[in-house]
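Participant: What would the 3D arrangement of this be:
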Amino acid sequence: MAHVAICSICMEYKCDVYNAPALPCCGTLICHPCSDRLRETREKCPFPTCRAVLPTTPEQQFAQLKTRVDRGELKAYHHLAQHYRQGKGVKRSMKEAVRLLEFAASRGNPEAQHALAA
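Facilitator: Residues are numbered from 1 along each chain as shown. Okay, here's the model as predicted:
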């Protein structure tokens, strides 16, 4: 059985939690269609508890994820590791990506565990 979540914006689409886009500012999972619409139409995160300015460049997205990692959010470790793995907004580093994934996986983060196993 797949691990699914309901999109937090449209409440319609079921998202695979390992593939769903997450807002870099607060980590909220959303579906791909809503992610595309947000990129085109919004300047700020639509969630009242966040309201951060949405990043427009990979460097800004990396900076928001780094802030979440510095706060200790385990889910952000997985997303930041993907940036290092792909070289998005930062110099590509598989060593740093694996370090971040291992840290989050050792603390029970399922996304990081899945990424290390794949």
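Participant: what are the ranges of the strands in the chain?
Facilitator: Ranges of strands in the chain, per DSSP state E, are 4-6, 14-16.
Participant: Same list, the ones you listed, but as CSV with distance to Ala63 and mean pLDDT please.
Facilitator: C-beta coordinates here come from the backbone N, C-alpha and C atoms, glycine included. What follows is the strands of the chain, written out as CSV (distance: least, Cβ to Cβ, whole Å; pLDDT from 0 to 100):
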stretch, distance to Ala63, mean pLDDT
strand 4-6, 25, 77
strand 14-16, 25, 74
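Participant: closest one to Gly72 among the ones you listed?
Facilitator: Gly72 lies closest to strand 4-6 among the strands of the chain, at 21.5 Å (Cβ to Cβ).
Participant: Under the pLDDT cut-off, which ranges of the protein? List them.
Facilitator: For the chain, the stretches with pLDDT under 70 are 1-3, 17-19.
Participant: let's see 50
Facilitator: Applying pLDDT under 50 to the chain flags residues 1.
Participant: which stretches of it form helices?
Facilitator: In the chain, the helices defined using DSSP state H lie at 32-41, 58-70, 74-86, 94-106, 110-117.
Participant: Cool, thanks, signing off.
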